[in-house]
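Peer 1: What shape does this take:
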Amino acid sequence: KTFHDVHNVNVMLGTEYFGQKNLSMQVYGQNAPTDDITTPNASTTFATGNNTGSRSAYSIVSHFGRLNYDYDQRYLLTMVYRSDAASSLATANRVGFFPGMSAGWNLHREKFFQKSILSKYISSFKPRISYGVNGNIAGIGNYDVQGVYGSQGNYNGIGGFLNTGIINGGLRWEKSKTTDIGFDLGLLKNRITVIADHFDRRTSDLLTDLVLPSYIGFGSVKTNLGTFQNKGFELAVNANILTLKNGLTWDVSANISFIKNKILKLPFNGNENNRQGGLQVYDPATKKVIWVGGLQEGQPLGAIYAYKQLSIFKDAADVQSVAGNRYDAVANITGPNLAFGAGKITPGDVNWMDVDKNDTIDSRDQIYIGNINPKQTGGFSTTVSWKGFSFYSQFEFALGHTIYNDLVPRTLGNYQGTFNYIDMQKRSWSPTNTNTDVPKVYFADQVAAPAGKKNYTRGNNAGQVLNSNNSRFYEKGDYLACREITISYQFGKGMLSKT
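Peer 2: A predicted model of the protein is given here:
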């Protein structure tokens, strides 16, 4: 609706219902006297546990609305809301309300801008701001908040049931609140467009399976854990490089994102920063043992800590010089000057960084290796077209993250003894190859001495664990990937109409 030629209003209201009902039944019988009777009542034997039935229902009722307003297509305002009531939550927390708004200013429509010299180069410019809330209940079962029970089989001919999960009637919607400030810019009659955004997304009441101590009797409980932040900057550029009279066009586009994450809030548990999990390492700066990793308020997710490989011991003299009085508590091996331990540090073993310089290598000697989350992600594409022919390619990249190449130490360390060796084994230490960064190959190296030396893995005993491995086998995760290349031809309507 338009008022006084400059006020434009558009209103939308709606409602939605989604319902799902499931009913299943299985009757399994055997030893029927004839196949002519196809119903189960002809069977004479019904095995226990093979006759099952289930019934479930789920529904969500919603209403939503949107208001769009602009003044002379210069000042823009949009307001939205959505309200969802889900049957999978308890009555008190069933309804989630999710509002949002955005505002923009088409600066290029202002008369003062159109009269300025900038209008010759800037075709459009719209600064904008937005705020919105989204909800999530994925992972909550239809009846988790009411209690989940399961059959434990028969005892003395009588069936029984018990609760298989802890009831948490206080579960509520997980909410993500996002604030975004950015602009849309068009240059040279929009041959070049730029979209830039700075965003701050804070997700609260995170739905998480909280691991419980073994004495509780249950492995975990579904709960709303804390608050997590993702913030960063995104930039996208599209450009028309060529548009010739003969029909040749060339368009390119690129985008890049810089994102950081941080844990803002965790349930109080009495630990510093309400820490959950993690490990203790020695901090040379404070000369104290500190907690790192796990979940901690004020810390990011994805940090990696591992044992730093400085070198490979070349010979007995090298061992004596560096590790004569060393005790490797992880592998339970010692230097030649010590009389205890289940084995000895020998040539071909790893010279680990002794962070606290106490001649003992233990879990406190781990250092920060990197983070599994990229610092930058993005991509670019290009399209060249001419007289019906088109060439399109798309690439993407990620930078600044670290990955653990588990297959390499698993293979060279003979964790299972069933893998074929890889070429890197040729570079491993041997009496004729002492100048290398690949440890000596032992069978079942993941176990402690005397069978193994834990050169390839450290405290994980061959487990597929991100932390506490040999730093040598962590790698840069940077990559550039070609995701698509397409060559196509578009036939004219005249040709197609004759087929």
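Peer 1: Let's see the pLDDT reported for G463.
Peer 2: G463 carries a pLDDT value of 82.
Peer 1: let me fix that: W386
Peer 2: W386 carries a pLDDT value of 93.
Peer 1: cool, the one 3 residues further on as well?
Peer 2: At F389, the pLDDT value in this model is 94.
Peer 1: contacting residues around the residue nearest to it when sequence neighbours are not counted?
Peer 2: Spatially, and ignoring its direct neighbours in sequence, F389 is nearest to Y489 (5.4 Å; Cβ to Cβ, 6 or more residues apart in numbering). C-betas here are computed from N, CA, C, even on glycine. Counting by Cβ atoms under 8 Å, 6 or more residues apart in numbering, Y489 makes contact with 388-390.
Peer 1: quick one: which of those sit in strands?
Peer 2: 389-390 (DSSP state E).
Peer 1: what's the closest of the contacts of Y489 to Q376?
Peer 2: Relative to Q376, the closest of the contacts of Y489 is S390; by Cβ to Cβ it sits at 29.7 Å.
Peer 1: So for that closest one, what's the nearest residue that isn't a sequence neighbour?
Peer 2: S488 (4.9 Å).
Peer 1: element containing that neighbour, please.
Peer 2: strand 479-489 (DSSP states H and E).
Peer 1: next helix or strand past that strand?
Peer 2: helix 493-497.
Peer 1: so how far is that following helix off the chain centroid?
Peer 2: Relative to the chain's own centre, helix 493-497 is displaced by 48 Å; criterion: Cα atoms, centre = their mean, to the nearest Å.
Peer 1: for the chain, which spans come out with low pLDDT?
Peer 2: In the predicted model, the chain carries pLDDT under 70 at residues 49, 498-499.
Peer 1: OK, contacts around Y479?
Peer 2: By Cβ under 8 Å, 6+ apart, Y479 lies in contact with 397-398.
Peer 1: One more pass at 6 Å, please.
Peer 2: Counting by Cβ atoms under 6 Å, 6 or more residues apart in numbering, Y479 touches A398.
Peer 1: any idea which helix is longest in the protein?
Peer 2: Across the chain, the longest stretch assigned as helix under DSSP state H is helix 316-323.
Peer 1: Tell me the gap between it and the middle of its chain.
Peer 2: 43 Å.
Peer 1: How about stretch 242-250?
Peer 2: Per Cα atoms, centre = their mean, the displacement of stretch 242-250 from the mean C-alpha position of its chain is 42 Å.
Peer 1: Just the buried positions in that stretch, please.
Peer 2: Neighbour-count burial for stretch 242-250 flags W250 (criterion: 16 or more other Cβ atoms under 10 Å).
Peer 1: mind saving the C-alpha coords of it as CSV?
Peer 2: Coordinates of each C-alpha in stretch 242-250 appear next as CSV, following Å, rounded to 0.1, in the frame of the first residue of the first chain:
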residue,chain,number,x,y,z
LEU,A,242,34.2,-7.6,-20.3
THR,A,243,31.0,-7.0,-22.3
LEU,A,244,31.8,-6.7,-26.0
LYS,A,245,29.5,-6.0,-29.0
ASN,A,246,30.3,-9.5,-30.4
GLY,A,247,28.6,-11.1,-27.4
LEU,A,248,31.7,-12.0,-25.4
THR,A,249,31.2,-11.4,-21.7
TRP,A,250,33.4,-12.2,-18.7
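Peer 1: Following element in sequence after the longest helix of the chain, please.
Peer 2: strand 327-328.
Peer 1: Sheet-wise, list the partners of that following strand with their directions.
Peer 2: Strand 327-328 has the following sheet partners, assigned by DSSP bridges: strand 333-334 (antiparallel), strand 360-361 (parallel).
Peer 1: Setting aside sequence neighbours, what's the nearest residue to the residue nearest in space to the middle of the chain?
Peer 2: By Cα atoms, centre = their mean, the mean C-alpha position of the chain lies nearest to N373, the distance being 7.9 Å. The shortest distance from N373 to any non-neighbouring residue, by Cβ to Cβ, 6+ apart, is to G302 (4.5 Å).
Peer 1: At which residues are the helices of this structure located?
Peer 2: Secondary structure of the chain (DSSP H): helices at 111-114, 316-323, 407-412, 493-497.
Peer 1: closest one to L295 among these?
Peer 2: Relative to L295, the nearest member of those by Cβ to Cβ is helix 407-412, separated by 26.7 Å.
Peer 1: which other residues reach the closest one?
Peer 2: So helix 407-412 is in contact with 419, 422, 425, 441, 456-457, 473, going by Cβ under 6 Å, 6+ apart.
Peer 1: Just the buried ones from the residues you listed, in PyMOL syntax?
Peer 2: To isolate the buried ones among the contacts of helix 407-412 in PyMOL, judged by 16+ other Cβ under 10 Å, type:
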select buried, resi 441+456+457+473
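Peer 1: For the contacts of helix 407-412, give me a markdown table that also has distance to G494.
Peer 2: Shown next, in a markdown table, are the contacts of helix 407-412 (distance: Cβ to Cβ, whole Å):
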| residue | distance to G494 |
| --- | --- |
| F419 | 61 |
| I422 | 58 |
| Q425 | 64 |
| V441 | 70 |
| Y456 | 67 |
| T457 | 68 |
| F473 | 62 |
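Peer 1: In strands, which of the contacts of helix 407-412 fall?
Peer 2: Using DSSP E, none of these sit in strands.
Peer 1: Which one of the contacts of helix 407-412 is nearest to G186?
Peer 2: G186 lies nearest to F473 out of the contacts of helix 407-412, by Cβ to Cβ, at 48.5 Å.
Peer 1: Please report the distance of that closest one from Q30.
Peer 2: Relative to Q30, F473 is positioned 55 Å away (Cβ to Cβ, to the nearest Å).
Peer 1: count of residues packed around the closest residue to T164 other than its chain neighbours?
Peer 2: Distances taken as Cβ to Cβ, 6+ apart place G150 nearest to T164, at 4.3 Å, with adjacent residues excluded. G150 has 9 neighbouring residues, counting by other Cβ atoms under 10 Å.
Peer 1: again with K493
Peer 2: For K493, the neighbour count with other Cβ under 10 Å is 8.
Peer 1: so what's the closest residue to V289 other than its chain neighbours up against?
Peer 2: What sits nearest to V289 in space, not counting adjacent residues and going by Cβ to Cβ, 6+ apart, is Q280, at 5.2 Å. Q280 sits next to 289, 291, 364 when contact means Cβ under 6 Å, 6+ apart.
Peer 1: Tabulate those residues (TSV), appending neighbour count and distance to G141.
Peer 2: Formatted as TSV, these follow (neighbours: other Cβ atoms under 10 Å; distance: Cβ to Cβ, whole Å):
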residue	neighbour count	distance to G141
V289	11	41
W291	16	34
R364	17	41
